[in-house]
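1. Provide a 3D model corresponding to the input given below.
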Amino acid sequence: MPGINKTAVPDYALHVLEVLERGGFEAWIVGGWVRDALLGNAAHDVDITSNAHWQESEQLLLNAGVTVHRTGIEHGTLTAVVAGHPIEITTYRVEGTYSDSRHPDSVEFVSSVTEDLARRDLTINAMAYHPVRGLLDPYGGAEDLAQGIIRAVGDPYKRFSEDALRVLRAVRFACRLGFTVEKNTHDALVACAPELAHVARERVGAELDGIITTGRLALAMRSEREVLLAAIPDLAPMVGFDQRSPYHCYDVWDHTVHVVEATEELSGGVASRRLRWAALLHDVGKPKTFTVDDRGQGHFFGHPSTGAEMSEAILRSLALPLSLIRPCVDLVRFHDRPVKATRHSVLRMLSDLDSRSPGEAVPLAFETLVLKRADALSKAPEYRGYAVEVDKIERMLRKVLSENAPYRVQDLAISGRDVLQQFGGRPGPWVGATLDACLREVVHGRLENTREALLTWLAYSGSPHR
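-> Model prediction:
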């Protein structure tokens, strides 16, 4: 693996290094910047560690005209802002026990950068770099990068017991980089995963979201299943769940792995966060809705609705944003809904999606079709042909969109003012309900979307909503 070109170090980071070293201290760039620079992807965010105590670093930087914020002085951390770029500066330290599996009970400042690197989680994150002294790599991080290996620094059980969130963090790096987790590290991940139950759910959610947005969730589902199940216990019943259906050749978990993988392939590796989450959760409701008929065949009646409710509860518990939760839940709810390659069926799909997620119907419709294709391709081979039918549905979707076909109230040829003129009375919810009734007739193909046809229909049928 090629080394780091010292010209890759940003000027603002060099300035901080020079200020600290002119003051008589040692300083190194550490963490993610070093790892990514070795991979040829040097980032803008730079962290620095130094044998200067935070008070000494603060005074030197202030004297040099640098803005400084005390962002974590209990752990020896300051944030300097140079040319608009924040740079974290932390004193060399080692940490005591983690009785809460998150924060060290004590921090001891030390004089050796090697001791400081020893407290870090993974070898690929435990390297330091200096533009003059070069790379400091006491734990073999560069070699692990070259070999595509995720390995804990020192005793992996100790590393993951200190902060259980590191279990997910290791999986996230494996997915982000496409690396393999080394065996001892993997065994420690499995052993320490149950401790995730004691980690704040929003922290778990942030790491899971990071894993999913790598686009390599299927890798984690295959190689680190125990970790994911500890993070989202609601997924556990899917493992080994025999669907007892001629439509399926996999259990619910393995089917989901294939759907997740197919979703990435069908999306060209750029699937949205909500679609990626929906692929994971689309069948989470199956174990709860399982029934067996007289012939011994399994059924999952209502599993999309149950799965939507469970998905919303899961995503809310992980403190993920509503802007992600709502459309994701809609994708789970609609993934198994029957849709035909007809104008009316496609318009009904758009209308129903818009009623649940106003303004999102078009992208959600295309994402629903991706999920349907992925679902079809992950069934028994003789039933994968439905993916071709989905192609026909998509062609119809594109056709009705190109024609500006109506699927929303605002697409109608009449407005609320027309309704009031037709019936008189005072404005109120009944106006919107009347327009909804008109839209329903248009979407179902029973009424043309023209002003004359709509007003005639209203005159004939009246407004039962008034």
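
2. quick one: the helices in the stretch 301-450 of the chain?
-> 303-317, 322-334, 343-356, 361-377, 386-402, 416-423, 429-443 (DSSP state H, counting those that start in this stretch).

3. Contacts for the fifth one, please.
-> Under the contact criterion Cβ atoms under 8 Å, 6 or more residues apart in numbering, helix 386-402 has outside partners 339-343, 345-347, 350, 362, 365-366, 369, 372-373, 376-377, 379, 407. All C-beta atoms are positioned from the backbone trio N, CA, C, and that covers glycine.

4. Quick one: buried ones out of the residues you listed?
-> 339, 341, 343, 345-347, 350, 365-366, 369, 372-373, 376-377, 379, 407 (16 or more other Cβ atoms under 10 Å).

5. okay if I get the helices of the stretch 301-450 of the chain as CSV plus distance to residue 172?
-> As requested, the helices of the stretch 301-450 of the chain are arranged in CSV below (distance: least, Cβ to Cβ, whole Å):
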stretch, distance to residue 172
helix 303-317, 18
helix 322-334, 17
helix 343-356, 31
helix 361-377, 23
helix 386-402, 31
helix 416-423, 50
helix 429-443, 43
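
6. Include mean pLDDT and distance to residue 272 when you put those helices into JSON lines, please.
-> Below are those laid out as JSON lines (pLDDT from 0 to 100; distance: least, Cβ to Cβ, whole Å):
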{"stretch": "helix 303-317", "mean pLDDT": "98", "distance to residue 272": "14"}
{"stretch": "helix 322-334", "mean pLDDT": "97", "distance to residue 272": "8"}
{"stretch": "helix 343-356", "mean pLDDT": "93", "distance to residue 272": "15"}
{"stretch": "helix 361-377", "mean pLDDT": "97", "distance to residue 272": "7"}
{"stretch": "helix 386-402", "mean pLDDT": "96", "distance to residue 272": "17"}
{"stretch": "helix 416-423", "mean pLDDT": "87", "distance to residue 272": "34"}
{"stretch": "helix 429-443", "mean pLDDT": "90", "distance to residue 272": "26"}
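
7. Out of the ones you listed, which is closest to residue 67?
-> Closest approach to residue 67 among the helices of the stretch 301-450 of the chain is made by helix 322-334 (32.7 Å; Cβ to Cβ).

8. The closest one packs against which elements?
-> helix 273-281, helix 303-317, helix 343-356, helix 361-377 (3 or more Cβ pairs under 8 Å, 6 or more residues apart in numbering; DSSP states H and E).

9. any idea of the mean pLDDT in the first one?
-> pLDDT averaged over helix 273-281 equals 98, rounded to a whole number.

10. Give me the angle between it and helix 361-377.
-> Interaxial angle of helix 273-281 relative to helix 361-377 (axes from the mean of the first three to the mean of the last three Cα atoms, to 10 degrees): 30 degrees.

11. just checking, next helix/strand downstream of helix 273-281?
-> helix 286-289 (DSSP states H and E).
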